[in-house]
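[1] With the input below, show me the fold.
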Amino acid sequence: MTSDLESIIDLLGPREVIGQAIDALMVRDQVSRDDAFELLVQNSSAAGGTVREIAAEIVQQRRGD
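    Here you go, the predicted structure:
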């Protein structure tokens with residue numbers, strides 16, 4: 001995991017990062033909270049990363065970093 005992603009997780013905490021990623025997926029994909037969480041889990045499985053890491057990447061992309 002890159003230091004930028006670690007910084008996001010450290011700053012916001014794992015729970016907040018996952019929540020923000022779910023919110024971003026809800027808006028981007030026009031899906032429910034449950035569906036957004038399922039997308040997050042699927043993305044982590046496909047990418048071979050943890051849900052927390054994928055969530056941090058989504059938050060980072062949303063912030064334009």
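[2] Flag the shaky bits of the chain, pLDDT-wise.
    The chain contains residues with pLDDT under 70 at 1-6, 8-9, 11-12, 65.
[3] Tell me which residue lies nearest the centroid of this structure.
    Ala55 (1.5 Å; C-alpha atoms, centre = their mean).
[4] Where does it fall, secondary structure wise?
    helix 51-63 (DSSP states H and E).
[5] Tell me how far that helix lies from the chain's centre.
    Taking C-alpha atoms, centre = their mean, to the nearest Å, one finds the center of helix 51-63 at 4 Å from the center of the full chain.
[6] Let's see that helix as PDB, backbone CA atoms only.
    Coordinates of each C-alpha in helix 51-63 appear next as PDB, following Å, rounded to 0.1, in the frame of the first residue of the first chain:
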ATOM      1  CA  VAL A  51     -11.600  -3.700   1.200                       C
ATOM      2  CA  ARG A  52      -9.800  -1.000   3.200                       C
ATOM      3  CA  GLU A  53      -7.100  -0.500   0.600                       C
ATOM      4  CA  ILE A  54      -9.600  -0.400  -2.300                       C
ATOM      5  CA  ALA A  55     -11.800   2.000  -0.300                       C
ATOM      6  CA  ALA A  56      -8.800   4.300   0.200                       C
ATOM      7  CA  GLU A  57      -8.100   4.200  -3.500                       C
ATOM      8  CA  ILE A  58     -11.700   5.200  -4.300                       C
ATOM      9  CA  VAL A  59     -11.500   8.100  -1.800                       C
ATOM     10  CA  GLN A  60      -8.200   9.200  -3.200                       C
ATOM     11  CA  GLN A  61      -9.600   9.200  -6.700                       C
ATOM     12  CA  ARG A  62     -12.700  11.100  -5.600                       C
ATOM     13  CA  ARG A  63     -10.400  13.800  -4.000                       C
END
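[7] Quick one: list the elements packing against that helix.
    Contact analysis of helix 51-63 by 3 or more C-beta pairs under 8 Å, 6 or more residues apart in numbering; DSSP states H and E lists helix 3-12, helix 14-29, helix 33-47 as its packing neighbours. For every residue, glycine as well, the C-beta is placed using N, CA and C.
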